[in-house]
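1. I need the structure of the sequence given here:
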Amino acid sequence: MRSVVRRTWRKVGEGDYEAAVAMAAPDVRFRFVGDTALGADVRGRAAFRAWFVRFTERLPGVRLELVDVVAGGWPWNTRVAVCLRVVGTLRDGTPYRNVAMQWVTLRWGRMVDDVVVEDTLTLDAALRRLPA
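-> Numbers count the residues shown, from 1 in each chain. Purely as a prediction, here's the structure:
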């Protein structure tokens, strides 16, 4: 399962967020923890896709880079922990560097639950510098 997650994150890192959406179950629950403009607790592929659209609109040019993946469990209940680097240049020209952790539950290779925790202090400071 680690290889599937790595392959998906390679695509996501290149800006192909549809790779993550394609891995999601129709009723996926996605949470991006924190009280920021990107904070979310949504259900379903359409809402998951909409979050990625919002992410790319607010932070164009910022990419998610896979650092490490740990996976375990049975095919019907696989737990995956992912460490990510968040890097890029903001619209105002300043560099953006952050770290995020992801906790995913997969059932038969489909993402049913996805929780992402990014350093919200760094994220919020960057989002406040940029126009909405």
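
2. top helix in the chain by residue count?
-> In the chain, assigned by DSSP state H, the helix with the most residues is helix 45-58.

3. Skip ahead from that one and say which helix or strand is next.
-> strand 63-74 (DSSP states H and E).

4. how big is the angle separating that following strand from helix 45-58?
-> 150 degrees (axes from the mean of the first three to the mean of the last three C-alpha atoms, to 10 degrees).

5. any chance you could map the strands in the protein?
-> 24-33, 40-43, 63-74, 77-89, 95-107, 110-118 (DSSP state E).

6. Could you spell out the sheet neighbours of the first one, each with its direction?
-> It stands for strand 24-33. Applying DSSP bridges to the sheet, strand 24-33 is found paired with strand 40-43 (antiparallel), strand 110-118 (parallel).

7. Out of the ones you listed, which is closest to Glu65?
-> Among the strands paired with strand 24-33, the nearest to Glu65 by C-beta to C-beta is strand 110-118 (12.9 Å). Placement of C-beta: from N, CA and C, glycine included.

8. Now for the nearest residue to Met101 once chain neighbours are set aside, how many residues are close by?
-> Among residues not flanking Met101 along the chain, Val117 sits closest, at 5.1 Å (C-beta to C-beta, 6 or more residues apart in numbering). Neighbourhood size, Val117 [other C-beta atoms under 10 Å]: 14.

9. The one 3 residues further on too?
-> A count of nearby residues for Thr120, using other C-beta under 10 Å, gives 17.

10. didn't it look like it was pressed against Gly34?
-> Yes: look at Thr120 against Gly34 with C-beta atoms under 8 Å: they come within range, at 3.6 Å.

11. how much space between the residue lying closest to Ala50 once chain neighbours are set aside and Thr120?
-> Excluding the flanking residues, the one nearest Ala50 by C-beta to C-beta, 6+ apart is Val42, at 7.6 Å. Between Val42 and Thr120 the distance is 17 Å, computed by C-beta to C-beta, to the nearest Å.

12. Alright, that wraps it up for me.
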